[in-house]
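Enquirer: got a sequence here, can you build the structure:
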Amino acid sequence: MGGILNGVKIVDLSRILAGPYATQMLADLGAEVVKVEAPWGDDTRQWGPPFTSGFDGQKVAAYFLSCNRGKEIVNFNLKNDAEEVRSLIDTADVVVENFRPGTLKKLLGPMPKNVIVCSISAYGATGPRKDEPGYDVALQARSGIMGITGEPDSSPVKVGVAWIDVITGLNAGNAILAALLHKEKTGEAMSIDISLWDCAIAALVNQAHNAIASGVNPIPMGSSHPNLVPYRAFEASDGWFVIGVGSDRQWNNLADLLSLNNPKEWESNEGRVLHRLEVEECVSAAVSLRTRSELEQMLVGIPCAPVNTVLEALSDPQSIARGAVTSHKGVDVLASPLRFMTPQKENKEV
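Expert: Numbers count the residues shown, from 1 in each chain. Just a heads-up that it's a prediction; the model follows:
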């Protein structure tokens, strides 16, 4: 694994997913991460089944393993052991915490001025909701992402993983790296205020901008795209298969390969969006006659894929070639997705 952040020490006071995910990424980059857990452990240790053997050989929920590799774990009760935790923080470059705003100071007092503090909360340190709690599912509901996910006219559907927690963890990692660079340049240790809310709203990207520009609320569209056609899952003879056309050139290639009707009004993406139903029915009819394997072989150069299960994705030849699953202390875990290219080694995993 990489040593880019060798010499950086992080005290991780966070729990669940967003904070631990951020610190795991930094540990993958070589930082020393000391995770402080309550005597009863992180909540996710019990978030099973399934349960399996952990990095210490003890029974633990598989969930916990997804965001806690590469860390030294110590147990303290912050209310009773504040002095010990404060001594640990005095040796750190970064502290990551996800208490409600203001709680860390109440528990441990002011943080040292030379330590970067990354505070992760549901709604941030300011605003009318700053004291409200929030798990990922509640943020998915309030942020609007649940309002555009799923099939039309169906009950609300959340993204299949804790999407907002993961995005927040990635944003927190980026912010910490920027703060470390700022401290190296100026000597100033910054405080970082990261919220699940801000990250969720920012991650609405094109859907939010569509709403801003049009004044119209986006709606759930299943696997379809509001701005591109055809761009969705179609039912092949042996399962579901996704085709994602992102340009007129790709559309023309698809029409040729599947021998599709291609009237002039379908030649531009705007025309295909305006004639969405007819275009999708045309593609659907052609796809239904073929297996997923046949379609993959036919549609070379067209963004497409079978709708896989998780185990199918993990065993895909590309996952195997890229080492998507690795081992840490004898436990199978998802590998860091970061690959750094060097002159000496073409593809170096960090």
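Enquirer: test my guess that S224 contacts F234.
Expert: No. Applying Cβ atoms under 8 Å as the test, S224 and F234 come out as separate, 10.6 Å apart. Every C-beta, even on glycine, is put in place using the N, C-alpha and C of the backbone.
Enquirer: for D56, give me its contacts.
Expert: By Cβ atoms under 8 Å, 6 or more residues apart in numbering, the contact set of D56 is I73, K329.
Enquirer: among S224 and F234, which residue is more densely surrounded?
Expert: Taking neighbours as other Cβ atoms under 10 Å, S224 and F234 compare with F234 leading, 20 against 16.
Enquirer: how close does the more buried one sit to F241?
Expert: Here F234 is placed at a distance of 6 Å from F241 (Cβ to Cβ, to the nearest Å).
Enquirer: and whichever strand or helix holds L295, what does it pack against?
Expert: Secondary structure from DSSP states H and E places L295 in helix 292-298. Here helix 292-298 touches strand 239-244, strand 304-306, going by 3 or more Cβ pairs under 8 Å, 6 or more residues apart in numbering; DSSP states H and E.
Enquirer: that older thread, return every residue with contacts to both of S224 and F234.
Expert: Listed as contacting both S224 and F234 by Cβ under 8 Å, 6+ apart are E280.
Enquirer: now do the buried residues in stretch 222-230.
Expert: Residues of stretch 222-230 classed as buried by neighbour count (16 or more other Cβ atoms under 10 Å): S224, H225, L228, V229, P230.
Enquirer: tell me the secondary structure for the first one?
Expert: Secondary structure assignment for S224 (DSSP: H, G, I helix; E, B strand; the rest coil): coil.
Enquirer: what's the closest non-adjacent residue to it?
Expert: R232 (4.2 Å; Cβ to Cβ, 6 or more residues apart in numbering).
Enquirer: check the separation of the first and last residues in stretch 65-83.
Expert: Start-to-end span of stretch 65-83 (Cα to Cα, to the nearest Å) is 29 Å.
Enquirer: ok, now stretch 37-53?
Expert: 18 Å.
Enquirer: same deal with stretch 314-323?
Expert: With Cα to Cα applied, stretch 314-323 spans 10 Å between its terminal residues.
Enquirer: may I see the buried residues of that stretch?
Expert: By 16+ other Cβ under 10 Å, stretch 314-323 has no buried positions at all.
Enquirer: what sits up against it?
Expert: For stretch 314-323, using Cβ under 8 Å, 6+ apart, the contacting residues are N308, A313, A324, V325, A335, R339, E349.
Enquirer: ok, and the closest non-adjacent residue to N77?
Expert: That would be P39: by Cβ to Cβ, 6+ apart, it lies 5.8 Å from N77.
Enquirer: and the one you found, helix, strand or coil?
Expert: The three-state assignment at P39 reads coil, by three-state DSSP.
Enquirer: pretty sure it is touching N75, no?
Expert: Yes. Between P39 and N75 there is a contact at 5.1 Å, judged by Cβ under 8 Å.
Enquirer: which one's more surrounded, these two?
Expert: Neighbour comparison, P39 and N75: the larger count goes to N75, with 12 against 9 (by other Cβ under 10 Å).
Enquirer: can you give me the pLDDT of the more buried one?
Expert: pLDDT, N75: 98.
Enquirer: which residues sit in contact with it?
Expert: Residues in contact with N75 (Cβ under 8 Å, 6+ apart) are V36, E37, A38, P39, G41.
Enquirer: swap in 6 Å and give it another go.
Expert: N75 makes contacts with E37, P39, as judged by Cβ atoms under 6 Å, 6 or more residues apart in numbering.
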